[in-house]
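1. A structural model of the following input is requested.
(chains A, B and C)
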Amino acid sequence: MSTSRTVNQKAWFMVLPVLVSVAFSAIIPLMTVVNYSVQDILGPDQRVFVGMEWFRTVMRDSELHAALYRQLLFSIAVLVVEIPLGVLVAMAMPRAGWRASLALVLIAMPLLIPWNVVGTIWQIYAREDIGLLGHVLGILGVSYNYAQNSFDAWLTVLVMDVWHWTPLVVLLAYAGLQSIPDVYYQAARIDGASRWAVFRHVQLPRLRGVLLIALLLRFMDSFMIYTEPFVLTGGGPGTATTFLSQYLTQKAVGQFDLGPAAAFSLVYFLIILLCCFVLYNLVRADDHDGAGGQR
Amino acid sequence: MTFWLKGIGFRRGKEILLHPLDLELRPGVPNVLLGAAGAGKTTLLRLMAGLEVPSEGRILSGASDLTGVPVRRRSVAMVYQQFINYPSMTVFENIASPLRVAGQGEARIRERVREIAEVLRLTPLLARMPSELSGGQQQRTALARALAREADLLLLDEPLANLDYKLREELREELGQVFARQRTTVVYATTEPMEALQLGGVATVLDAGRLLQTGEVAQVFSRPSSLAAARAFSDPPINVLPAVWRGASRLLHLATGTTLPGPHALASRLGDQELSIQVGIRPQQLGLAPKGAGGFALEGIVELAEISGSDTYVHVRHGEHLLVAQVPGVHRLPLESRCTLHADAAGLFGFAADGQPLFAPDR
Amino acid sequence: MARIEFIDVAHTYANGTPAADSDWALQPMTMTWDDGGAYALLGPSGCGKSTLLNIISGLVKPTRGRILFDGRDVTHAPPELRNIAQVFQFPVIYDSLSVRGNLEFPLRNRGWKTAEARRRAEQIAQLLELTADLDRPARGLGADMKQKISLGRGLVRTDVAAVLFDEPLTVIDPHLKWLLRRKLKQIHQELKLSLIYVTHDQTEAMTFADRVVVMSHGRVVQEATPEELFERPAHRFVGYFIGSPGMNFIPAQWREGSAWVGDVPITTQSRADPDAADIAVGVRPERLEARTAAGPNSVPARVLAVRDLGTHAMCTLDVDGARVRARLPDVADAAALTHLFIPPERSALYAVEWRLP
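-> The predicted structure is shown next:
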């Protein structure tokens, strides 16, 4: 068995550079956060170990609760709109030929724009004075001001995110639809199935895996969202669109309350980890089902 | 080049995929691995190739120990069930690829490719891409590429399983001829006993990760070392009926009621004792016409008559047993009709209750 | 049940009018499928059998010709209006439904009431031995069960004229294949539906069908009962394709009113005189007999190879320069062999393609 051991050692050498860079860019900063979360830093050389104090403070912070609540609401709204919309658009897209290529390119464009530029685009677009959308709404008599009205701000952030990220869902759903063999549609025709029945019983079940992945990705990203709303509204008006990551940044960088910020960062991290774990297992279970059935 | 597998076993986690076995692979004759799906043929092939490291045992060739040597450093070529070719290269390039990797000269490559293409009847197709070829042509290309390597070991994992019935028949014969001309040691895995018989050479019967029997094909077929080996090497499956041998009266009582004088081989082997045994009757031993002296009859109901061109497989329910008979010619027997199958006592196999062979027909 | 008629039906996948025969995926054909018959379409890959099946079901509209169901022109009718059911090569089931749900699906789509749909589904489930699994989800089941469900979906409809099978046993384990084959035969006997079965496997075709349609390169070469295809193939392709191994075609010359293989005159079933001098004697390997001396209808043969196949021997021989295969009872028979006897009543003369009557 000595030969197999040699092979394994070579593999470690290959992985070493990656390990080093991951250590620097992720692990060490993470350790730093853990460090801050259990200490009170009064000055450059004055640190006091406070144990779970920050965690307790953070859990009782009402502003944090508000930001968390806003964040959850936002993520849920995003999922409710983007997943069904993405599937519908994917179903409407052409399946083959040059039209399919063109459609794919057009759909993918919003995904290619740098995120702060997305924020800037919508910031200008929605203004009543110089933005097309804002101006048209003004002409139509709709009272709309995202800088001053909380509801309008929320709506704008939501629409912006839908515009930006639904294409991802579309691409995933499109790939999923392409993988459905023709025989299923043929059999459904012969069985006399209506369009709705075909969707419900042929397409949707086979999209399950893909949709779970889309759900996972969109939830993770939207729960951590920072750049776009920050550029668009700065978190305002007031704290109407201050989501969790912005709140934390304000606390840590703005107020230099590193302790509580670090503590909640860890909690934040664990929440996302937990949700991803649950969703990932759902995806794996789905895989097993599918594979077992196909045999 | 002869290869020896000594005590080779393979485990994945707690699951034993291959129980320790010894095997010798000889050049010049096909070494056929016969077994049902999941018997361990693919695992064994992968171990031979070096794609897996055995959990125990050694693989030797000549003086060198190949255990643990990674596949890239071994002289081995493999052909799979799915026709695997480089999709972006022409047939010519596909066959030439191992020669290019070996760094051979352009002229030599061209000569060798043409040679091999000739043998496998691929010459008119050399400029085509794999996607433009039929299944049989693609598989022949894959085989040509494997042959071009002139490796010490050529492994084939059910290479004809994905082909049309007739094509399989033809290619099987071609393969037999191609192998005869090679100096490579050939190992051929299959689930069909007929393929093993047609290829000839040395057969190794595998069942649930165990090696049941190995030897010359016709030998293994006519002298199975156990009931399990007889079962594995029969298609359609061998008919097994429980029976009792009453030595005192020299009579064999089949569980279904039929009594017949015991065959000579049985009498001399078991003598006067009384013993429960299992009687094996090959489907080819059962016919629709009486067999004369030494013959006996089994009554039953026809479950299905399967016509395979030259022969008819008649499935008959005899008491609570299902018998299969292979009868020459085309016979249309209606479902649920009564049918009498005839067999000759001299053609019976006998196995003890634990599967050990007791007697076999004279060959 | 319906009588299906094809009138000058042909199909090509190319654009424009095909110039040569080879451009047609299905060459022009006229044929009738009798009500309640079991047919098999047999041929190698690319012979046009799947195209033919899809034209019957309506998934493909033929480039030319008309299709009648019981005299009604359905050429332009879509599959859902043709009263056919189709079982595909890969088991198609609705993942989200139970077995029962799958069986009731076609009936619900057609507006059947719940109670009636339930009753009918249970009836068919019993026929297919699926009753015990009715309430299980269709998803985790084995391929053979899924194919039974696919078949069941076709059988539940009472208006089904024909059930079409497109190589349905391809993904089934070998030992389960014969159980499904038996089930299909039983269903045919009980329900008396028209069944049309596409396959490249002669065992499946011959077991299943009352009549087999042999196809090659888009053309129907012969349509007959399994026995006739075996004993009296009308075309060289049929002789070659049916039987394992296929028929021998020994080149012969026609002179002085008789067929000659080398110096031996051969009598066969054929009575007609051929047009050309070059013909062949067609005889199956199973019918050739070993001889140790010359005699009528016996040609000199030289053994090239003998293969012991356990229960019989397959012999390859040279007969007047041609390669011939013979199935002999024992390997020993090949050792003493000097001649091969061609039974007159089991052989025929073949011109370039067709058998001489």
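2. for the spatially closest residue to residue B:153 that is not a sequence neighbour, give its distance to chain A.
-> Nearest non-adjacent residue to residue B:153, counting by C-beta to C-beta, 6 or more residues apart in numbering or on different chains: residue B:76, 4.5 Å away. The way it works is simple: take the backbone N, C-alpha and C, and place the C-beta from them, glycine included. When distance is defined by C-beta to the nearest C-beta, to the nearest Å, residue B:76 is 16 Å away from chain A.
3. kindly report the same for residue B:21.
-> For residue B:21 relative to chain A (C-beta to the nearest C-beta), the value is 19 Å.
4. and for that residue, the neighbour number?
-> Neighbour count for residue B:21, taken as other C-beta atoms under 10 Å in any protein chain shown: 21.
5. you'd agree it is up against residue B:9?
-> Yes. In this structure residue B:21 lies within contact range of residue B:9 using C-beta atoms under 8 Å: 7.3 Å.
6. which residues of chain C score low on pLDDT?
-> Filtered on pLDDT under 70, chain C yields the residue ranges C:1, C:16, C:18.
7. any idea how far the longest helix belonging to it is from the chain center?
-> Secondary structure of chain C read by DSSP state H shows that its longest helix is helix C:174-191. Relative to the chain's own centre, helix C:174-191 is displaced by 16 Å; criterion: C-alpha atoms, centre = their mean, to the nearest Å.
8. partner strands of the helix or strand following that helix and their direction?
-> Toward the C-terminal end, the helix or strand that comes next after helix C:174-191 (DSSP states H and E) is strand C:194-199. Taking DSSP bridges as the criterion, strand C:194-199 sits next to strand C:38-42 (parallel), strand C:162-166 (parallel) in its sheet.
9. also compute the angle for the first one relative to helix C:174-191, please.
-> Strand C:38-42 and helix C:174-191 meet at an angle of 140 degrees, taking axes from the mean of the first three to the mean of the last three C-alpha atoms, to 10 degrees as the criterion.
10. how about the helices of the chain, start to end?
-> Answering for chain A, as no chain was given. Going by DSSP H, chain A shows helices at A:2-22, A:28-37, A:53-60, A:62-92, A:98-112, A:115-125, A:132-140, A:150-178, A:182-190, A:195-198, A:204-223, A:227-233, A:244-249, A:258-294.
11. please go with chain C instead
-> Using DSSP H, the helices of chain C run over C:49-57, C:99-109, C:114-127, C:143-155, C:174-191, C:202-208, C:226-231, C:236-241, C:331-335.
12. is the longest one anywhere near chain B?
-> Yes. Helix C:174-191 lies in contact with chain B when judged by C-beta under 8 Å from any C-beta of the partner chain; the contacting residues are C:174, C:178, C:181-182, C:185-186, C:189.
13. dump the residue contacts of residue B:84.
-> Counting by C-beta atoms under 8 Å, 6 or more residues apart in numbering or on different chains, residue B:84 makes contact with residue B:142.
14. mind pulling up the pLDDT for it?
-> Looking at residue B:84, its pLDDT stands at 89.
15. any idea how far residue B:159 is from it?
-> According to C-beta to C-beta, to the nearest Å, residue B:84 and residue B:159 sit 10 Å apart.
16. quick check: neighbours shared by those two?
-> Overlap of the contact sets of residue B:84 and residue B:159 (by C-beta under 8 Å, 6+ apart) consists of residue B:142.
17. tell me, what residue is most central in chain A?
-> Centroid check for chain A by C-alpha atoms, centre = their mean gives residue A:221 as the closest residue, at 1.8 Å.
18. surely that one and residue A:161 touch.
-> No. Contact between residue A:221 and residue A:161 fails when scored by C-beta under 8 Å: they sit 9.1 Å apart.
19. quick check: the residue nearest to residue B:153 vs residue A:241, distance?
-> From residue B:76 to residue A:241 the distance is 64 Å (C-beta to C-beta).
20. again with residue C:220
-> Shown here: residue C:220 relative to residue A:241, a distance of 72 Å by C-beta to C-beta.
21. which parts of the stretch 51-200 of chain B sit against chain A?
-> B:53, B:67-70.
22. where does the chain have low pLDDT?
-> Unless you meant another one, I'm taking chain A. A:1-9, A:286-295.
23. should've been chain B
-> B:309, B:363.
24. for chain A, give me its nearest residue in it.
-> residue B:68 (3.0 Å; C-beta to the nearest C-beta).
25. ok, then the element right after the longest strand seen in chain B?
-> Ranked by residue count and defined by DSSP state E, the top strand of chain B is strand B:295-307. Downstream of strand B:295-307, the first helix or strand assigned by DSSP H and E is strand B:311-318.
26. what comes up buried for that next one?
-> B:311-316, B:318 (16 or more other C-beta atoms under 10 Å in any protein chain shown).
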